[in-house]
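>>> Need a 3D model of the sequence below.
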Amino acid sequence: MEKKFQYQDTAISYCVYGEGKPVVLLHGFAEDGTIWNNQINVLKHHCRLIIPDFPGSGRSGILQGAEVGIVEYADCVYALLENESIDNCIMIGHSMGGYITLALAEKYKAKLSGFGLVNSTAFEDSGEKKLMRQKGIQLMEEYGVFPFLKNTTPNLFFNKFKQEHPEIVDALIEEGKKFTTLALVQYYKAMMNRPNRTEVLKTSEVPVFFVIGSEDVAAPLNDLLEQVHLPGVSHIHILEDIGHMSMLEAPDELNKHLLKFIEAVNF
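Predicted structure coming up:
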């Protein structure tokens with residue numbers, strides 16, 4: 001069921017499915033909550049799913065202000081939890097959604113009984129990555145978001161998947177037409193300016209879930225292997241021959257791991 005609430009001066013859209021343990025799924029850059037459709041159809045029978053569209057995505061309005069950072073998006077998700085009267089939940093974030101999950105775990109750790117990173121990292125952007133994001137911002141502002149996403153989105157998928165399922169890659173690119181330049185530039189700046197949050201992993205008092213694509217160029221395996229040992233309790237899953245989009249590239253395998261994690265977390 002789609003719902004809305006007012007955050008600052010912005011209407012935030014989110015969907016709620018099923019009953020049981022509250023589980024929040026956070027989408028990534030140039031996505032909205034529908035990126036989790038393959039997971040919704042399975043998980044809604046086992047828990048209470050809450051899936052927001054971040055400000056600037058899907059049916060949510062955009063946050064106003066010169067600088068919107070990852071913490072501001074985490075504050076928005078916290079407000080959603082308050083709106084739904086959720087004291088504790090499991091939170092799983094894909095890519096940028098993982099950065100937001102970590103920020104929320106840092107600022108509002110009492111809200112989380114467990115959290116997870118799907119194709120995401122606690123490391124900050126490298127100097128090289130920041131330069132790439134700056135160039136991306138310039139390209140979006142000059143040419144618009146669709147040419148930018150048409151060029152960059154295919155790189156998120158492993159080559160074999162792109163060859164066998166071009167329609168899925170094309171559909172994700174087509175979804176990009178819905179985004180404004182302002183929204184995607186806000187996301188890029190927020191990601192570019194986020195700090196290293198490995199300390200959140202080191203000090204976590206709750207279990208942490210990691211899903212890593214062996215062929216992920218955006219959240220590389222080697223980077224994640226430096227992080228998975230940091231929490232006291234880690235659930236680690238490496239998906240072979242999978243890129244950055246495990247929700248689309250390996251939905252059944254991801255669903256299996258998510259269900260096991262949800263069942264293992266105590267409230």
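>>> separation between the residue located most distally from the centre of the chain and residue 181?
In terms of distance from the mean C-alpha position of the chain, residue 142 ranks first, at 26.5 Å (CA atoms, centre = their mean). Counting by CB to CB, to the nearest Å, the gap from residue 142 to residue 181 is 10 Å. From N, CA and C alone the C-beta is placed, and that goes for glycine too.
>>> Same question for residue 229.
Using CB to CB, residue 229 is found at 40 Å from residue 181.
>>> can you check residue 119 too?
Counting by CB to CB, the gap from residue 119 to residue 181 is 25 Å.
>>> Equivalent analysis for residue 238, please.
36 Å.
>>> Equivalent analysis for residue 40, please.
Look at residue 40 and residue 181: by CB to CB, they are 29 Å apart.
>>> What of residue 195?
Distance from residue 195 to residue 181, by CB to CB: 26 Å.
>>> Against which helices or strands is the lengthiest helix in the chain packed?
The helix that spans the most residues within the chain, counting by DSSP state H, is helix 127-143. Helix 127-143 is packed against helix 145-152, helix 181-192, with contacts defined by 3 or more CB pairs under 8 Å, 6 or more residues apart in numbering; DSSP states H and E.
>>> Give me whichever of the ones you listed is most buried.
Comparing those by mean neighbour count (mean count of other CB atoms under 10 Å), helix 181-192 ranks first with a mean of 20.
>>> In CSV, list the C-alpha atoms belonging to it.
Provided in CSV are the C-alpha atoms of helix 181-192 (Å, rounded to 0.1, in the frame of the first residue of the first chain):
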residue,chain,number,x,y,z
THR,A,181,19.0,16.9,-12.9
LEU,A,182,18.7,18.6,-9.6
ALA,A,183,17.8,15.3,-7.8
LEU,A,184,20.7,13.3,-9.2
VAL,A,185,23.2,16.1,-8.7
GLN,A,186,22.1,16.3,-5.1
TYR,A,187,22.7,12.5,-4.7
TYR,A,188,26.1,12.7,-6.4
LYS,A,189,27.2,15.6,-4.1
ALA,A,190,25.9,13.8,-1.0
MET,A,191,27.8,10.6,-2.0
MET,A,192,30.9,12.5,-2.9
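>>> now residue 124, what's its secondary structure?
Using DSSP: H, G, I helix; E, B strand; the rest coil, the structure places residue 124 in coil.
>>> Look at the residue lying closest to it once chain neighbours are set aside and give its secondary structure.
Here the nearest residue to residue 124 in space, its sequence neighbours aside, is residue 196; by CB to CB, 6 or more residues apart in numbering that works out to 4.4 Å. At residue 196, secondary structure determined by three-state DSSP is coil.
>>> Count the neighbours of residue 196 for me.
For residue 196, the neighbour count with other CB atoms under 10 Å is 12.
>>> Could you do the one 3 residues further on as well?
The number of residues packed near residue 199 is 13, by other CB under 10 Å.
>>> Now do the helix or strand hosting it: which elements does it pack against?
Remark: residue 199 resides in helix 198-202, with elements defined by DSSP states H and E. When contacts are defined as 3+ CB pairs under 8 Å, 6+ apart, helix 198-202 packs onto helix 96-107.
>>> Could you list the low-pLDDT ranges of this protein?
For the chain, applying pLDDT under 70 flags the ranges 66.
>>> So which residues of it form helices?
Using DSSP H, helices in the chain cover 37-43, 70-83, 96-107, 127-143, 145-152, 159-164, 166-175, 181-192, 198-202, 221-225, 246-249, 251-264.
>>> ok now the longest one, how far from the chain's centre?
On the basis of CA atoms, centre = their mean, to the nearest Å, the separation between the geometric centre of helix 127-143 and that of its chain is 20 Å.
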